[in-house]
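[1] how would this look folded up:
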Amino acid sequence: MSLDQKRLSRLLKHRLLLERIEGGTFATIRQNTARRERVLQGNQRRRIDLYELGGPPAGEVDPAEEGGRSAYSVRLRRDIQSAGAALEAGRREEAMQRQVLLNGRRDRMAIEALIERRREATRQAARRKQLQRDDEWAARNWIATRTEEGLR
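    From the prediction side, this is the model:
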């Protein structure tokens, strides 16, 4: 199917709009990835703080406190694992969206190049046609002057 200039221009406008929308989506995904990374770092800091706190002081051990510390440690480990998994999923999503954005940009640039090639081909055809008209006019003019000279 051949695309005329107007259709190509409409397609290009559509691609530009789509690229702008995808750019906004990509920015949102990047923000979500950054937020997930901050959550992971916060959980890791809390885990380090828990370990730096150390065990119970020498002497008596309060079972409730030790149980709470152990449960908190398990919870932090699970939170870190889930935050890490969410971060990896976000990075994969970001990479996929980046690829979509790059493919869309590549398509848009190809359409722009096609439009420019067609414009140039149209200009060249118009120039050739004008040169042909000029040649025909010059030939008719030359023939007319020759015939007039021959008649004298």
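[2] pLDDT score for Gln31?
    According to the prediction, Gln31 has pLDDT 97.
[3] also the one 5 residues further on?
    Model confidence at Arg36, expressed as pLDDT, equals 96.
[4] which non-adjacent residue is nearest it?
    Once flanking residues are discounted, Arg36 sits nearest to Leu87: 4.5 Å by Cβ to Cβ, 6 or more residues apart in numbering. (Glycine included, C-beta is placed from N, CA and C.)
[5] so how far is Ile21 from the one you found?
    According to Cβ to Cβ, to the nearest Å, Leu87 and Ile21 sit 25 Å apart.
[6] which of these two has more neighbours?
    Leu87 (20 against 11; other Cβ atoms under 10 Å).
[7] the more buried one is in contact with Thr33, isn't it?
    Yes: counting by Cβ atoms under 8 Å, Leu87 does reach Thr33; the two are 6.9 Å apart.
[8] quick one: low-confidence parts of the chain?
    For the chain, the stretches with pLDDT under 70 are 1-2, 55-57, 150-152.
[9] state which helix of it is the longest.
    As assigned by DSSP state H, the longest helix anywhere in the chain is helix 63-151.
[10] which other helices and strands contact it?
    Applying 3 or more Cβ pairs under 8 Å, 6 or more residues apart in numbering; DSSP states H and E, we find helix 63-151 packed against helix 5-53.
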